[in-house]
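**Q** Would you be able to build a 3D model of this:
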Amino acid sequence: MKAFDRIASHIPLYRDDLLALSDRIKAPAQDLRFKDGQPISVCGREGAFFLKRGGADRAPSPGLLSVSAAELQELFFHICGQSVFSHEEEIREGYVQVDGLCRAGVCGTAVLEGSRVKALRDITSIVFRIPRDSPGCGDRLFLSGVNFRDGALIAGEPGSGKTTILRDIARSLSMGRFGPGRRVAVLDSRGELSAFDLGPLADVLKNCPKAAGFEMAVRSLSPEILLCDELAPGDIDAVKSAARAGVGLIATVHSGKNPRGRYICQELLSTGAFGTLVTLRGRESPCETAAVESIGNALPVESRAGE
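**A** Here you go, the predicted structure:
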């Protein structure tokens, strides 16, 4: 079953309408959006389609399907498996993991405990991110000579294909498509990287914080390369530790067209964990590279082990 259809199956009230959409709408879709009192939309590179019985329209018009506050709350409980408490940590980060396939971003009113988000109430919108699998989208990086054992940081804006290309890199390394197969440990903190097959030598740790996951992987999985998605400022120390663990680190980070101008990118590049910086073009050209740069301060693999 395709990713779009699997996600639609978790939306009981509108399942049939979503499944009935043409592949012309479903194939390029990047997310499904449900907002209180607004038309349900399917968004992608070509813009938005608004759901109606028997199809979808390009622009808001009479007869479109919309979601009420009560229906939105019902959908929220449904994707939580009727147990909001079991997803408490995810909700604090603004999402719920769905079916080990994707994450659903959740908006509402934050309940604070000091300066920390404790929970969300009065849900106002839910956005399902649709994972994409594009085998071969990372081939150009291998063919251009990127040495992933020296680490690589992949930077790009939301929707630019960071997770998709990271998944393909993991699979190519695991399957030995460009040399000997490599043992790969994948830290899939949001359940998206492992939505598709990653090959025989990839071990996956799901829902695990970066610092604990790096430590667990290095100690028990004997990886040659670690992969993880979406590094944040709180992960800097974990990256520094991973840089000296004797393995390569491949990770992604949110950035605009000039990642070196963003503070977190500067900090990550200064750790010595990354030998290459890959900048993606953007959401209009998913998985296409704008630049590949060598980072001069990267620690070579042989000097990482034992430090």
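
**Q** Helices of the chain, start to end?
**A** Taking DSSP state H to define them, one finds helices in the chain at 3-8, 15-19, 23-26, 69-79, 88-92, 139-143, 162-175, 210-220, 236-243, 263-269, 301-304.

**Q** ok, the residue nearest to Glu88 when sequence neighbours are not counted - contacts?
**A** The shortest distance from Glu88 to any non-neighbouring residue, by Cβ to Cβ, 6 or more residues apart in numbering, is to Ala119 (7.0 Å). For the C-beta atoms, the positions are set from N, CA and C on the backbone; glycine is no exception. Residues counted as contacts of Ala119 (Cβ atoms under 8 Å, 6 or more residues apart in numbering) are Glu88, Ile91, Arg92, Ala110, Val111.

**Q** Look up how far Cys80 lies from Ala119.
**A** 12 Å (Cβ to Cβ, to the nearest Å).

**Q** one step back: quick one: the residue nearest to Glu88 from Lys26, how far?
**A** 33 Å.

**Q** ditto for Gly272
**A** Taking Cβ to Cβ, one finds Gly272 at 43 Å from Lys26.

**Q** now Leu198
**A** Counting by Cβ to Cβ - Leu198 and Lys26 are separated by 24 Å.

**Q** neighbour count winner among these two?
**A** Leu198 (24 against 20; other Cβ atoms under 10 Å).

**Q** Just to check, the more buried one is in contact with Arg171?
**A** Yes - if you go by Cβ atoms under 8 Å, Leu198 and Arg171 touch, sitting 5.1 Å apart.

**Q** And the residue nearest the centre of this protein?
**A** Centroid-nearest residue in the chain: Thr163, 4.6 Å away (criterion: Cα atoms, centre = their mean).

**Q** Quick one: residues contacting it.
**A** Contacts of Thr163 (Cβ under 8 Å, 6+ apart): Pro131, Glu192, Leu193, Asp229, Thr252.

**Q** go on, Gln30?
**A** Cys43, Gly44, Arg45, Arg129, Ile130, Arg132, Gly159, Arg283.

**Q** min pLDDT across those, which one?
**A** On pLDDT alone, Arg45 ranks lowest of these, at 81.

**Q** show me what contacts that one?
**A** Arg45 touches Pro28, Gln30, Arg283, Glu284, Pro286, counting by Cβ under 8 Å, 6+ apart.

**Q** returning to that earlier point: buried ones only from the contacts of Gln30, please, as a PyMOL command.
**A** Applying 16 or more other Cβ atoms under 10 Å to these leaves a buried subset, and the PyMOL line that selects it is:
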select buried, resi 43+44+129+130+132+159
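
**Q** quick check, nearest of the contacts of Gln30 to Leu13?
**A** Ile130 (18.5 Å; Cβ to Cβ).

**Q** Now stretch 44-55 - C-alpha only, CSV.
**A** Extracted in CSV, the C-alpha atoms of stretch 44-55 (Å, rounded to 0.1, in the frame of the first residue of the first chain):
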residue,chain,number,x,y,z
GLY,A,44,2.4,19.3,-2.6
ARG,A,45,4.9,20.8,-5.0
GLU,A,46,2.1,21.9,-7.4
GLY,A,47,0.1,23.7,-4.7
ALA,A,48,-3.0,22.7,-2.8
PHE,A,49,-6.1,20.7,-3.6
PHE,A,50,-9.2,21.0,-1.5
LEU,A,51,-11.1,17.8,-0.7
LYS,A,52,-14.8,17.3,-1.8
ARG,A,53,-17.0,14.3,-2.3
GLY,A,54,-15.7,12.5,-5.3
GLY,A,55,-12.6,14.5,-5.9
